[in-house]
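**Student:** I'll drop the sequence and a predicted model, then ask my questions.
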Amino acid sequence: MMRTLPSALPLGLGALLLLPAALRAQGQPSHWLEAGGLALRQGHPQEAEADFRHELEATPNSADAYLGLGLAQLREGEADEARGSLSKAIDRNPSLPGAHLFRGIAEFQANVLDAALPDFEAEINVQPKNAEAYTWLGIANLQAGKPQEAATAFDHAGTLRPEDQSLLYYQVRAHTLAAQQSFRQLFQDDPDSAFVHRAQAEIYTEAQQPDKAVEEYKAALKRSPNDPELYEALGDALQKISHTTEATSAYESELKINPHSAIALFNLGKIQVQTGDPAQGVAYLRRAVDAHATPAPTDFYLGFGLAKLGKNDEAAHWLEQVLDHSPSDFIRQSDYYELGRVYQKLGRRADSQKMLDELKQMKSQPAPD
């Protein structure tokens, strides 16, 4: 049964293949080769086939003519005939650009994947920067049930054609299938392992289902109670459903295992200055600064906590630093507001008004698409 070509991908009949480089270098390409190439470009494969056969009558060992004939036959849906012609081109010139690629496509159409895969690899050896060869290698690996190998090939193609939407789709598809294949193997090895529960929790997190992710992280911790990363992930998921008390407990458990976790220190500090004891929160955030936590949000919540404690001079220092660290829009807006309030308490009315103006201007900007 013949395979149809993926609709998102062209067959790839470029000028390099229609007018072979060797002939162009000579400056005198054959009349029949030129005519056949033109016929292919114009969508007349039958005329092209006739032209290439005329060339073969004149030069029976022409690899270029066999390549052109194979391309025409491939366009006509004659995969078996195309394989024969392209094989003759390869026999005469194994390094002819495009010959292995198009024979591989013909083999793919004829469902001969064991032959197609090495042909696509051979084309890559001839043309290491041929994105189409990598793409077809990925497609054939997908069809052969090898999603990890397909993902690797699509990733290579993506570096060569980063703006190609069809390649992005195939990359996503291959990586998704590879992940599913790995998860199935993980589940078969031990369906109740910490790794299975963690993987399931991450799937729920990506699906915006933090409540289900929480249950899976808890199940994972029952089987791996000394994994600090699991406590951290549990704390993050609990924050998403506003369970701050449980989240605090999770981050505290992480700190018992890893006392220098910048993320745990930051989250504990943020929670405390927002809803608990600001003095304790400031202490956590000072430790987070020493542990090199992300500066913009850490500096903001440290300044916010200090302002709550009435330490406005120091609060201003930390809030001013936020703007030097490329904060997110949310942190930037919050910083303008809090810094304006701190300046007002310090009697710096002009600076306070400037922050208010910055905040108004930022809020007046249209939201990014």
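**Tutor:** Yep, it's here. Residues are numbered from 1 along each chain as shown.
**Student:** For the residue nearest to Leu56 when sequence neighbours are not counted, list the residues it contacts.
**Tutor:** Leaving aside its chain neighbours, Leu56 sits nearest to Ala65 (4.8 Å; criterion: CB to CB, 6 or more residues apart in numbering). (Glycine included, C-beta is placed from N, CA and C.) By CB atoms under 8 Å, 6 or more residues apart in numbering, the contact set of Ala65 is Ser30, Trp32, Leu33, Gly36, Phe52, Glu55, Leu56, Thr59.
**Student:** Which SSE is immediately downstream of the strand or helix carrying Ala65?
**Tutor:** If you go by DSSP states H and E, Ala65 is part of helix 63-75. Using DSSP H and E, the helix or strand that follows helix 63-75 in sequence is helix 79-92.
**Student:** Now that following helix: buried residues?
**Tutor:** Within helix 79-92, the residues scored as buried using 16 or more other CB atoms under 10 Å are Ala79, Glu81, Ala82, Arg83, Gly84, Ser85, Leu86, Ser87, Lys88, Ala89, Ile90, Arg92.
**Student:** quick check: angle from the helix holding Ala65 to helix 79-92?
**Tutor:** Computed by axes from the mean of the first three to the mean of the last three CA atoms, to 10 degrees, the angle separating helix 63-75 from helix 79-92 equals 160 degrees.
**Student:** now helix 63-75: mean pLDDT?
**Tutor:** Helix 63-75 shows a mean pLDDT of 92.
**Student:** how about that helix as CSV, C-alpha atoms only?
**Tutor:** C-alpha atoms of helix 63-75 as CSV (Å, rounded to 0.1, in the frame of the first residue of the first chain):
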residue,chain,number,x,y,z
ALA,A,63,23.3,10.1,-12.8
ASP,A,64,21.6,13.5,-13.2
ALA,A,65,19.2,12.1,-15.8
TYR,A,66,18.3,9.2,-13.6
LEU,A,67,17.7,11.6,-10.7
GLY,A,68,15.4,13.7,-12.9
LEU,A,69,13.6,10.6,-14.1
GLY,A,70,13.1,9.4,-10.5
LEU,A,71,11.7,12.8,-9.5
ALA,A,72,9.2,12.8,-12.4
GLN,A,73,8.1,9.3,-11.6
LEU,A,74,7.7,10.2,-7.9
ARG,A,75,5.5,13.1,-9.0
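**Student:** can you pull the buried residues of it?
**Tutor:** For helix 63-75, burial by neighbour count (16+ other CB under 10 Å) applies to 63-75.
**Student:** Return the member of those nearest to Glu149.
**Tutor:** If you rank these by distance to Glu149 using CB to CB, Leu74 comes first, at 24.4 Å.
**Student:** and the closest residue to that closest one other than its chain neighbours, what does it touch?
**Tutor:** Spatial nearest neighbour of Leu74, chain neighbours left out: Ala82 (4.2 Å); criterion: CB to CB, 6+ apart. Ala82 makes contact with Gly70, Leu71, Gln73, Leu74, Phe102, Arg103, Ala106, according to CB under 8 Å, 6+ apart.
**Student:** Tell me how far the last one lies from Ser326.
**Tutor:** From Ala106 over to Ser326 the distance is 52 Å, taken as CB to CB, to the nearest Å.
**Student:** more neighbours, the two?
**Tutor:** Ala106 (28 against 10; other CB atoms under 10 Å).
**Student:** Could you find the closest non-adjacent residue to Leu309?
**Tutor:** What sits nearest to Leu309 in space, not counting adjacent residues and going by CB to CB, 6+ apart, is Pro278, at 5.6 Å.
**Student:** How about the contacts made by the one you found?
**Tutor:** Neighbouring residues of Pro278 by CB under 8 Å, 6+ apart: Gln272, Gly305, Lys308, Leu309.
**Student:** list the buried ones in the longest helix seen in the chain?
**Tutor:** The helix that spans the most residues within the chain, counting by DSSP state H, is helix 165-189. For helix 165-189, burial by neighbour count (16+ other CB under 10 Å) applies to Leu167, Tyr170, Gln171, Arg173, Ala174, His175, Leu177, Ala178, Ala179, Leu186.
**Student:** what would these look like in CSV with pLDDT and distance to Ala157?
**Tutor:** Output for those, formatted as CSV (pLDDT from 0 to 100; distance: CB to CB, whole Å):
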residue, pLDDT, distance to Ala157
Leu167, 90, 5
Tyr170, 93, 8
Gln171, 94, 8
Arg173, 94, 13
Ala174, 95, 11
His175, 94, 13
Leu177, 93, 17
Ala178, 92, 16
Ala179, 87, 19
Leu186, 86, 28
